[in-house]
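S.K.: Sequence first, then the predicted structure:
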Amino acid sequence: MTTIFKTPFATQGDKASIPVEIQPDGSVSYTQGYGYDYERDQVTDPAAKDIEREKMNGIFHDITEAIGEIQSFGFPKWDEVGKPYAIRTIVYHKNKVWQSKVENNNIEPVAGNAWAELKADATASDVGAYSKTESDQRFQPLGNYQASGYSYSKAEADTKYQLKGNYAPAGNYANKGDSYTKAETDGRYQAKGSYQPSGDYATNSALNSGLNNKFDKSNVAQGTGTSKVHVMSQKASTDAFQPKGNYQPKGNYALAGASYTKTESDGRYQAKGSYAPAGSSYTKAESDGRYQSKGSYQPAGNYALVGASYTKAESDGKYQLKGSYQASGYSYSKSESDGKYQPKGSYATAGSSYTKAESDSRYEKKGTGKSWRKVGGAGNSTSTITLTEDVRGKQIYFKLPGGSGGENWTTVMMPPVDNIGIAFHQGQTGFCDVCTLNNGKNLKSLRGVYMDWSEVWVSE
């Protein structure tokens, strides 16, 4: 089962800090580790070293503490000693997770141009997007809409048109006030009936007065055996009554010419009915010019004018589908990314390799005949000598005194960077640790025993 290092190794034990740099005395360091002295024979070699308990505890403590950070927080904690941080490095700092946005980042993680906070619960505002509520308020649901201004809104239609109802047929009506109302007509005209021809007739009261005045004193009473009848004279009778004829029933008639005849009324007035007030309805011409013919139309709504909105095809070609997008400019386009970054691969960190120009100036081309040449003079296990060229990453040879024919040699391959110690030996007792300085132009002896040389040569 995997161990979770909540407690680093030797938290309460004896431990010593391990230095990073190579130590002159050959003791353990993170750069060199355990050197050759720890391999020497403990009985016969006075330079042999023991594996120290405190330092071993310190090494294991450092390793398990670093692993525990990642196990607990998911990422290593940010620390001053970790600077500068590479671009896209992720660290844990002050209860937040941060990613470096720049190369060689020396700034403490904080929101800005150098660091970006990584959150599992990122909100829409964190990425410059609208929330669901904002989108619902800002945009209308997907639907089949007409262009803006294409139709009247409800308020415009309610103001412009009257409600559906039982209205009189369209016709040429008189203006209000040009015709009598029912009450005015009933009070002004008599009911339809069979009346005598129009004439200059006497009224009942005038007739009775005339009759009384026309009776003659010579009226004679004649006996009939049962009653008496007064008989007017012929003259009086003639003056009191109109000649015999076909007259209409007795009534109170208007003078001839004071009323319209049927023909005049039929030609002058429309038939009795339930009519809307004058001007409250549109004429045929107005309706035909104002409304479209009856047909199968879409439901009433607030439509835009045709052409004022994009069609489905136009919208699909112009806009991307609804989704969770980053704000414009937040990300690089494909072409920008292709122009800005190199393809994914396993690359060395910047500065860990030589450029072509650096390599060309540093090394001789293969086959130039300069594979063996002298670059330095005499030295020993405590000296620092100057070289005629940069020997980093090259095979160097030390010319030693003695040996068959008066020459003896030992060799070592130098590391490609300064300050990395490497050991070479002579016989069973002689050795020396050396490193380069000053961009490979100096050779420094870190320590050694029984080691002297007269010349230094290089071979590629």
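M.R.: Here it is on my side, so go on. Numbering: from 1, shown residues only.
S.K.: And the pLDDT at the residue most central in space within the chain?
M.R.: Centroid check for the chain by CA atoms, centre = their mean gives Ala129 as the closest residue, at 3.7 Å. Ala129 is assigned a pLDDT of 79 by the prediction.
S.K.: Glu364 too?
M.R.: pLDDT, Glu364: 57.
S.K.: what does Arg392 give?
M.R.: 93.
S.K.: Helix, strand or coil: sort out it for me.
M.R.: With DSSP: H, G, I helix; E, B strand; the rest coil as the basis, the three-state label of Arg392 is coil.
S.K.: Next up, the contacts around the closest residue to it other than its chain neighbours.
M.R.: Spatially, and ignoring its direct neighbours in sequence, Arg392 is nearest to Gly440 (3.8 Å; CB to CB, 6 or more residues apart in numbering). For the C-beta atoms, the positions are set from N, CA and C on the backbone; glycine is no exception. Neighbour list for Gly440: Leu387, Glu389, Asp390, Val391, Arg392, Met414, Asp418 [criterion: CB atoms under 8 Å, 6 or more residues apart in numbering].
S.K.: now, among those, which is nearest to Ser259?
M.R.: Asp418 (134.9 Å; CB to CB).
S.K.: got the phi/psi numbers for the residue nearest to Arg392?
M.R.: For Gly440, the backbone dihedrals (degrees, to the nearest 10) come out as phi 80, psi 10.
S.K.: ok, which stretches of this structure are helices?
M.R.: Applying DSSP state H to the chain gives helices spanning 53-73, 132-138, 154-160, 182-188, 204-214, 234-240, 262-268, 284-290, 312-318, 334-340, 356-362.
S.K.: okay, the ones you listed, which one's buried deepest?
M.R.: Across those, averaging neighbours per residue (mean count of other CB atoms under 10 Å) puts helix 53-73 on top, at a mean of 16.
S.K.: Let's see that one as PDB, backbone CA atoms only.
M.R.: The C-alpha trace of helix 53-73 is given here as PDB (Å, rounded to 0.1, in the frame of the first residue of the first chain):
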ATOM      1  CA  ARG A  53      23.400   8.800  10.400                       C
ATOM      2  CA  GLU A  54      22.300  12.500  10.800                       C
ATOM      3  CA  LYS A  55      22.900  13.300   7.200                       C
ATOM      4  CA  MET A  56      21.100  10.200   6.000                       C
ATOM      5  CA  ASN A  57      18.200  11.200   8.200                       C
ATOM      6  CA  GLY A  58      18.300  14.600   6.700                       C
ATOM      7  CA  ILE A  59      18.200  13.200   3.100                       C
ATOM      8  CA  PHE A  60      15.300  11.000   3.800                       C
ATOM      9  CA  HIS A  61      13.500  13.900   5.700                       C
ATOM     10  CA  ASP A  62      13.900  16.200   2.700                       C
ATOM     11  CA  ILE A  63      12.600  13.600   0.200                       C
ATOM     12  CA  THR A  64       9.600  12.500   2.200                       C
ATOM     13  CA  GLU A  65       8.700  16.100   3.200                       C
ATOM     14  CA  ALA A  66       8.600  17.100  -0.500                       C
ATOM     15  CA  ILE A  67       6.600  14.000  -1.400                       C
ATOM     16  CA  GLY A  68       4.200  14.800   1.500                       C
ATOM     17  CA  GLU A  69       3.500  18.300   0.200                       C
ATOM     18  CA  ILE A  70       2.400  16.900  -3.200                       C
ATOM     19  CA  GLN A  71       0.300  14.200  -1.600                       C
ATOM     20  CA  SER A  72      -1.400  16.700   0.700                       C
ATOM     21  CA  PHE A  73      -1.800  19.700  -1.600                       C
END
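S.K.: what's the neighbour count on the closest residue to Ile63 other than its chain neighbours?
M.R.: Spatial nearest neighbour of Ile63, chain neighbours left out: Phe9 (7.4 Å); criterion: CB to CB, 6+ apart. The number of residues packed near Phe9 is 19, by other CB atoms under 10 Å.
S.K.: How about Ser194?
M.R.: For Ser194, using other CB under 10 Å, the count is 6.
S.K.: now swap in Asp390 and tell me
M.R.: By other CB under 10 Å, the residues close to Asp390 number 20.
S.K.: and it, backbone torsions?
M.R.: Backbone dihedrals for Asp390, given as degrees, to the nearest 10, come out at phi -70, psi 120.
S.K.: Surely it and Asn442 touch.
M.R.: No - using CB atoms under 8 Å, Asp390 is not in contact with Asn442; the gap is 10.2 Å.
S.K.: Next one: the residue nearest to the centre of the chain from Gln270, what distance?
M.R.: 69 Å (CB to CB, to the nearest Å).
S.K.: Equivalent analysis for Lys182, please.
M.R.: Lys182 sits 13 Å away from Gln270, going by CB to CB.
S.K.: do the same with Gly279
M.R.: Taking CB to CB, one finds Gly279 at 16 Å from Gln270.
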